[in-house]
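Visitor: Build me a model:
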Amino acid sequence: MKKTIWAIIGSLATVGLFAGVAQAKTLVYCSEGSPEGFDPALYTAGTTFNASSRPVYNRLTEFKRGTTKIIPGLAKSWSASADGLEYTFKLRPGVKFHTTSYFTPTRDFNADDVIFSFDRQRQEKSPWFKYTEGAAWEYFNGMGMPSLIKEIVKVDDLTVKFVLNRPESPTIANLAMDFASIVSKEYADKLQKSGKKSDLNQKPIGTGPFQFVDYQKDAVIRYKAHPNYWNGKQPIDDLVFAITTDNSVRMQKLMAGECHVAPYPNPADLPKLRADKSLRVLEQEGLNVGYLAYNTKVAPFDNVKVRKALNMAINKQAILDAVFEGAGKAAKNPIPPTMWSYNNSVKDDQFDPAKAKKMLAEAGVKDLKLKIWAMPVARPYNPNARRMAEVIQADFANIGVEVEIVSYEWGEYLKLSKSLKRDGAVLLGWTGDNGDPDNFLAVLLGCDAVGGSNRAQWCNEEFDSLTSKAKQISNQSERAKLYKKAQVVFKREAPWATIAHSVVFMPMSKKVSGYKMDPLGSHRFDGVNISK
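Guide: Down below sits the predicted model:
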């Protein structure tokens with residue numbers, strides 16, 4: 001007999017997780033993985049953002065649900081100077097921070113919170129710059145924000161001015177991204193005084209549609225609707241993330257009624273999900289790319305001839321057949337084909353194992369052994385990294401390269417794969433965070449991102465110059481010309497093997513209404529309702 005969601009909630013209540021929740025309207029989301037933490041500025045992974053920045057926090061600007069359109073958030077309006085060096089934000093009055101069992105705010109959101117949220121990421125003298133182990137502000141640094149922002153000025157309690165060192169065209173869109181989430185300075189001050197600064201990453205306080213209740217590591221996260229949310233209380237009362245890392249198990253739970261929404265199904269499960277009359281399956285082409293990143297700082301992968309040879313050994317069609325099962329297309333550029341500035345004239349690396357083997361010999365590489373890192377979780381750009389690694393392993397064996405497949409827990413995988421000394425090549429990918437090419441090209445491949453989101457550890461002056469110039473131009477067609485040139489450099493130098501762009505599927509119960517698939521890959525539950 002199928003278990004109903006209410007039976008599951010009831011069983012959780014017996015262990016103290018859901019006391020009194022039976023009378024509430026509850027939505028359960030079967031998440032594919034655990035968050036690395038709850039301070040979104042510290043991380044870049046979508047799994048972490050889904051659990052932190054999207055339910056708990058707001059930003060000065062926001063993306064309208066289901067689109068890349070910028071709308072007012074905590075800033076009700078903004079203006080820019082003629083030279084593009086100053087942005088002035090008028091803040092929304094009366095915005096309430098969350099009141100929880102561990103914090104009760106005494107004031108509303110104001111300019112002090114904005115300045116604190118960014119200064120902790122950019123000022124090394126800040127006591128919050130290294131407040132938790134491994135704090136690196138990966139996104140902030142990878143986007144060149146430390147050199148971009150000259151100062152942030154408090155004009156008054158509800159007005160703040162960003163003064164820049166150079167014009168940057170995507171500025172307003174960038175401030176809608178997860179790393180720019182606004183945290184409470186009052187809460188941070190309390191934690192600092194009590195010697196519990198790490199709680200900022202474990203017990204979050206924001207202004208967002210849902211407030212954090214508790215987290216049982218690798219099991220469940222509980223939130224409840226923010227009763228005083230500035231944009232109105234949410235239709236659902238309680239939001240639950242039931243962490244379920246296995247793709248098939250997530251879909252089984254969905255079909256059994258144990259969760260209402262479950263992302264990243266195996267392509268092979270789609271016919272079964274579509275046939276279930278209690279479910280519906282949304283789909284859209286993803287703004288994403290999956291790739292294999294070589295560590296270009298470690299021999300022999302510092303040799304472009306070796307990287308090119310390995311790329312030519314990969315049978316992408318075999319990967320599309322085995323891993324995506326018709327729900328993907330081969331990638332040749334580091335940005336998806338639906339994004340403006342995509343360079344369709346770039347030629348992909350030809351699949352030619354014989355030539356690849358010859359090129360390795362010409363590069364003086366013999367008996368090459370290589371580790372391929374395979375993600376432990378499904379992602380929209382790669383539904384089964386282990387299977388993908390196995391296909392590549394067989395392809396490389398055909399040219400005499402021995403592959404060992406390795407993996408780690410998701411948080412460790414992301415942390416260890418940033419190392420400049422990392423061995424082998426890492427399978428990873430990206431879903432755009434703001435709809436701008438810079439969010440792929442500079443964030444994933446720029447010199448500022450080496451040691452962070454640039455997993456190839458690749459710094460190319462020609463490429464970096466093109467992307468840096470493009471950011472400073474407001475005319476989109478002129479920017480596109482530079483980004484197209486940057487894609488040519490990327491393909492010539494081959495820091496990655498570009499693998500695939502995917503179609504993203506989102507199965508859910510028909511009881512769920514108001515859910516919108518996000519082109520930026522996020523899973524948001526503001527505006528979502530559920531019938532009992």
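Visitor: for Gly527, helix, strand, or coil?
Guide: At Gly527 the chain is in coil, as set by DSSP: H, G, I helix; E, B strand; the rest coil.
Visitor: Please apply the same query to Gln284.
Guide: Once three-state DSSP is applied, Gln284 turns out strand.
Visitor: how deep is the closest residue to it other than its chain neighbours tucked in, by neighbour count?
Guide: The shortest distance from Gln284 to any residue that is not its chain neighbour, by CB to CB, 6 or more residues apart in numbering, is 5.1 Å, and that residue is Met517. No exception for glycine: its C-beta is placed from N, CA and C like everyone else's. When counting by other CB atoms under 10 Å, one arrives at 17 neighbours for Met517.
Visitor: Could you tell me whether Met517 really is in a helix?
Guide: No. Met517: not assigned to a helix; according to three-state DSSP it is coil.
Visitor: Pretty sure it sits against Val504.
Guide: Yes. Here Met517 lies in contact with Val504, judged by CB atoms under 8 Å, at a distance of 7.0 Å.
Visitor: anything in contact with each of the two?
Guide: Between them, Met517 and Val504 share these contacting residues under CB atoms under 8 Å, 6 or more residues apart in numbering: 283-284.
Visitor: can you pull out the helices in the stretch 201-350 of the chain?
Guide: Ranges of helices in the stretch 201-350 of the chain, per DSSP state H, counting those that start in this stretch, are 247-255, 270-275, 304-313, 316-319.
Visitor: Mind putting the ones you listed into CSV with mean neighbour count and mean pLDDT?
Guide: Below are those laid out as CSV (neighbours: other CB atoms under 10 Å; pLDDT from 0 to 100):
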stretch, mean neighbour count, mean pLDDT
helix 247-255, 20, 96
helix 270-275, 14, 96
helix 304-313, 22, 98
helix 316-319, 18, 97
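Visitor: Show me what the top helix by length along the chain is packed up against.
Guide: Longest helix in the chain by number of residues, with DSSP state H as the criterion: helix 476-493. The elements that helix 476-493 packs onto, with contact taken as 3 or more CB pairs under 8 Å, 6 or more residues apart in numbering; DSSP states H and E, are helix 304-313, helix 438-445, helix 461-471.
Visitor: relative to helix 304-313, how tilted is that helix?
Guide: Between helix 476-493 and helix 304-313, the angle formed by their directions is 90 degrees, by axes from the mean of the first three to the mean of the last three CA atoms, to 10 degrees.
Visitor: buried stuff in helix 476-493?
Guide: Along helix 476-493, the positions that meet the burial threshold by neighbour count (16 or more other CB atoms under 10 Å) are 479-480, 482-491, 493.
Visitor: Work out the gap between that helix and the centre of the chain.
Guide: Remark: helix 476-493 is offset 23 Å from the chain centroid, using CA atoms, centre = their mean, to the nearest Å.
Visitor: and the helix or strand just after it, C-alpha only, in CSV?
Guide: Past helix 476-493, heading to the C-terminal end, the next element that is a helix or strand (DSSP states H and E) is strand 496-509. Included here for strand 496-509 are C-alpha records, laid out as CSV according to Å, rounded to 0.1, in the frame of the first residue of the first chain:
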residue,chain,number,x,y,z
TRP,A,496,37.6,21.6,-20.7
ALA,A,497,36.1,18.9,-22.7
THR,A,498,32.6,20.4,-23.3
ILE,A,499,30.2,17.5,-22.9
ALA,A,500,26.5,18.4,-23.1
HIS,A,501,23.6,20.8,-22.6
SER,A,502,20.5,19.1,-21.2
VAL,A,503,16.8,19.4,-21.1
VAL,A,504,15.6,19.8,-17.6
PHE,A,505,12.6,17.8,-16.3
MET,A,506,10.6,18.6,-13.1
PRO,A,507,8.1,16.0,-12.0
MET,A,508,5.6,16.9,-9.2
SER,A,509,2.3,16.0,-7.7
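Visitor: Report the mean confidence score over strand 496-509.
Guide: Over the span of strand 496-509, the pLDDT mean works out to 96.
Visitor: what separates it from the chain centre, distance-wise?
Guide: The chain centroid and the centroid of strand 496-509 are separated by 14 Å, computed with CA atoms, centre = their mean.
Visitor: by contact count, what packs against that strand?
Guide: Secondary structure elements in contact with strand 496-509, counted by 3+ CB pairs under 8 Å, 6+ apart, are helix 247-255, strand 279-285, strand 288-294, helix 304-313, helix 316-319, strand 328-330, strand 425-431.
Visitor: Between helix 438-445 and that strand, find me the angle.
Guide: Going by the same axes, to 10 degrees, strand 496-509 makes 120 degrees with helix 438-445.
Visitor: what residue ranges in the stretch 1-150 of the chain score low on pLDDT?
Guide: Confidence mapping of the stretch 1-150 of the chain against pLDDT under 70 gives the ranges 1-23.
Visitor: Tell me where it has strands.
Guide: In the stretch 1-150 of the chain, the segments counted as strands under DSSP state E, counting those that start in this stretch are 26-29, 61-63, 70-72, 75-80, 86-91, 149-156.
Visitor: most packed of those strands?
Guide: Comparing the strands of the stretch 1-150 of the chain by mean neighbour count (mean count of other CB atoms under 10 Å), strand 26-29 comes out on top with a mean of 24.
Visitor: can you list contacts of that strand?
Guide: For strand 26-29, the surrounding residues in contact (CB under 8 Å, 6+ apart) are 5, 8-9, 18, 236-242, 258-262, 512, 523, 525, 528, 530.
Visitor: go on, stretch 327-347?
Guide: When contacts are defined by CB under 8 Å, 6+ apart, stretch 327-347 is touched by residues 267, 270, 285-291, 316-317, 320, 348-349, 383, 432, 435, 437, 440-441, 444-445, 476, 479-480, 483-484, 487-488, 490-491, 496, 498-503, 505.
Visitor: Show me what counts as buried in it.
Guide: Residues of stretch 327-347 classed as buried by neighbour count (16+ other CB under 10 Å): 327-329, 331-336, 339, 341-343.
Visitor: Present the helices of the stretch 201-350 of the chain as a markdown table; the columns should include distance to Gly451.
Guide: Compiled in a markdown table, the helices of the stretch 201-350 of the chain are given as follows (distance: least, CB to CB, whole Å):
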| stretch | distance to Gly451 |
| --- | --- |
| helix 247-255 | 31 |
| helix 270-275 | 38 |
| helix 304-313 | 19 |
| helix 316-319 | 28 |
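Visitor: How about the contacts made by the residue nearest the centre of the chain?
Guide: Here the mean C-alpha position of the chain is nearest to the C-alpha of Gly46 (CA atoms, centre = their mean), at a distance of 3.1 Å. Gly46 makes contact with 379-380, 431, 521-522 under the criterion CB under 8 Å, 6+ apart.
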